[in-house]
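Student: only geometry, no sequence info:
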């Protein structure tokens, strides 16, 4: 009887472990958050494997990996993923392009919508703004160069506030005042709209900048990590990304 009970407990333990599935740790940039969270949940329902996502800017994620943090999947600009391939931390095979995200303009939900329909209107809007807010990551680096090329960089410098990541920018705009203009990844702005933002629109087409994002599997990742990355490249996943504003 004891042998039979022991066998039963062993089988329950085995099946219980299988039911739990694997836990895949993903380090990801915040720009793909709206779609990635939905896809992680769908992947869990389909496979039983849980996806634990931690978000940060590309430089923050690169530093975490350099400091020895372990993960199964990295989602970041291709240059960041490629750098990890060169160090041997990401497998050379199996990388996929997730999509690209453009830069958007945002204001508080109760603020008037500024005119950004043309390049001239966009320039005038910036010059008339009380404050301009953007990040210190890829979006912010692009905007800094853009404003200099437009000849208004010096005029905006004293009215510019910058933060380490997009979430801090958007939280600042929500709690701001006056004629304040914020910038961020279109996907992140849309994610914050229910919290008190209005998505005004993308940058004018002739100055729009897209950041592409790729997913790579860490060299020592568990097998389920590759399944998740392949899932991100599936037709169904592409539709979810597109619905969130990720081309």
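Tutor: Great, that's in hand. Worth saying up front: this structure is predicted, and the values here are computed from it rather than measured.

Student: quick one: list the elements packing against whatever helix or strand residue 224 lives in.
Tutor: Following DSSP states H and E, the helix or strand that holds residue 224 is helix 223-232. Helices and strands touching helix 223-232, as assessed by 3 or more Cβ pairs under 8 Å, 6 or more residues apart in numbering; DSSP states H and E, comprise strand 23-29, helix 33-47, strand 73-76, strand 96-108, strand 210-217. Every C-beta, even on glycine, is put in place using the N, C-alpha and C of the backbone.

Student: ok, residue 56 touching residue 69?
Tutor: No: Residue 56 is beyond contact range of residue 69, at 10.7 Å (criterion: Cβ atoms under 8 Å).

Student: which residues do the two both contact?
Tutor: residue 27 (Cβ atoms under 8 Å, 6 or more residues apart in numbering).

Student: how far does stretch 201-215 sit from its chain's centre?
Tutor: From the chain centre to the centre of stretch 201-215 is a distance of 13 Å (Cα atoms, centre = their mean, to the nearest Å).

Student: can you give me the end-to-end span of that stretch?
Tutor: 27 Å (Cα to Cα, to the nearest Å).

Student: the helix holding residue 224 to strand 96-108, inter-axis angle?
Tutor: Computed by axes from the mean of the first three to the mean of the last three Cα atoms, to 10 degrees, the angle separating helix 223-232 from strand 96-108 equals 70 degrees.

Student: would you mind identifying the next helix or strand past helix 223-232?
Tutor: That would be, after helix 223-232 and using DSSP H and E, helix 235-243.

Student: tell me the buried residues in that next one?
Tutor: 237, 238, 240, 241 (16 or more other Cβ atoms under 10 Å).

Student: my read: the third one touches residue 39, true?
Tutor: Looking back up the chat, that one is residue 240. Yes: Residue 240 lies in contact with residue 39 (Cβ under 8 Å); the separation is 5.6 Å.

Student: domain parsing for this protein?
Tutor: 22-100+211-243, 101-207 (automatic domain parsing).

Student: got the ones you listed as JSON lines, with mean pLDDT columns?
Tutor: Shown next, in JSON lines, are the domains of the chain (pLDDT from 0 to 100):
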{"stretch": "domain 22-100+211-243", "mean pLDDT": "94"}
{"stretch": "domain 101-207", "mean pLDDT": "95"}
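
Student: circling back to that earlier point, residues making contact with the helix holding residue 224?
Tutor: Residues beyond helix 223-232 that count as contacts (Cβ under 8 Å, 6+ apart) turn out to be 21-22, 24, 26, 39-40, 43, 47, 49, 51, 72-73, 94-96, 98, 215-218, 237.

Student: any idea how far that helix is from the chain center?
Tutor: On Cα atoms, centre = their mean, the centre of helix 223-232 falls 18 Å from that of its chain.

Student: next, the angle from that helix to helix 33-47.
Tutor: 120 degrees.

Student: residues of helix 223-232 that come out buried?
Tutor: In helix 223-232, counting by 16+ other Cβ under 10 Å, buried: 224, 225, 226, 227, 228, 229, 231, 232.

Student: quick check: closest non-adjacent residue to the first one.
Tutor: By that I understand residue 224. Closest residue in space to residue 224, ignoring its immediate chain neighbours: residue 22 at 4.0 Å, by Cβ to Cβ, 6 or more residues apart in numbering.

Student: contacting residues around residue 162?
Tutor: Neighbour list for residue 162: 133, 134, 135, 136, 140, 169 [criterion: Cβ under 8 Å, 6+ apart].

Student: now, which of those residues lie within strands?
Tutor: Residues of the contacts of residue 162 located in strands (DSSP state E): 133, 134, 135.

Student: got a list of what the second one touches?
Tutor: Under the criterion of Cβ under 8 Å, 6+ apart, the contact partners of residue 134 comprise 140, 143, 160, 162, 169, 182, 183, 184.
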